[in-house]
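S.K.: Provided below for reference: sequence and predicted model.
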Amino acid sequence: LDDALTRLAAADPRSAQVVELRFFGGLSISEVAAALATSVATVKRDWQFARGWLANEIDADLRSAP
């Protein structure tokens with residue numbers, strides 16, 4: 001997860017911040033929006049994108065593992 005999150009941060013820093021605040025910080029969507037000074041809709045889009053992106057990355061990592 002850490003490697004995938006690092007790759008996400010390089011590709012889309014705000015989405016990575018959303019994951020960190022939601023998953024590790026336990027913040028709600030509205031709390032993340034306030035913390036990042038953005039809209040709830042933007043956080044929802046970033047959260048959805050990040051979840052899918054991370055799932056694909058982790059799946060690819062597992063398929064390529066020996």
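M.R.: On my side now, so go ahead.

S.K.: By residue count, what's the longest helix in the chain?
M.R.: Counting residues, the longest helix found in the chain (DSSP state H) is helix 40-64.

S.K.: Touching it from outside, list them.
M.R.: 1, 3-5, 7-8, 11-12, 14-16, 18-19, 22, 29-30, 32-33, 36 (C-beta atoms under 8 Å, 6 or more residues apart in numbering). Using the backbone N, CA and C atoms, a C-beta is placed for each residue, glycine as well.

S.K.: Please, a ChimeraX command that selects the buried ones among those?
M.R.: This is how ChimeraX selects the buried members of the contacts of helix 40-64, with burial counted by 16 or more other C-beta atoms under 10 Å:
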select :4,5,8,12,15,16,18,19,22,29,32,33,36
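
S.K.: re the thing from before, centre of the chain to the longest helix of the chain, how far?
M.R.: Helix 40-64 sits 6 Å away from the centroid of its parent chain (C-alpha atoms, centre = their mean, to the nearest Å).

S.K.: re earlier: show me the contacts of helix 40-64 that map onto helices.
M.R.: Per DSSP H, the contacts of helix 40-64 map to helices at 3-5, 7-8, 11, 14-16, 18-19, 29-30, 32-33, 36.
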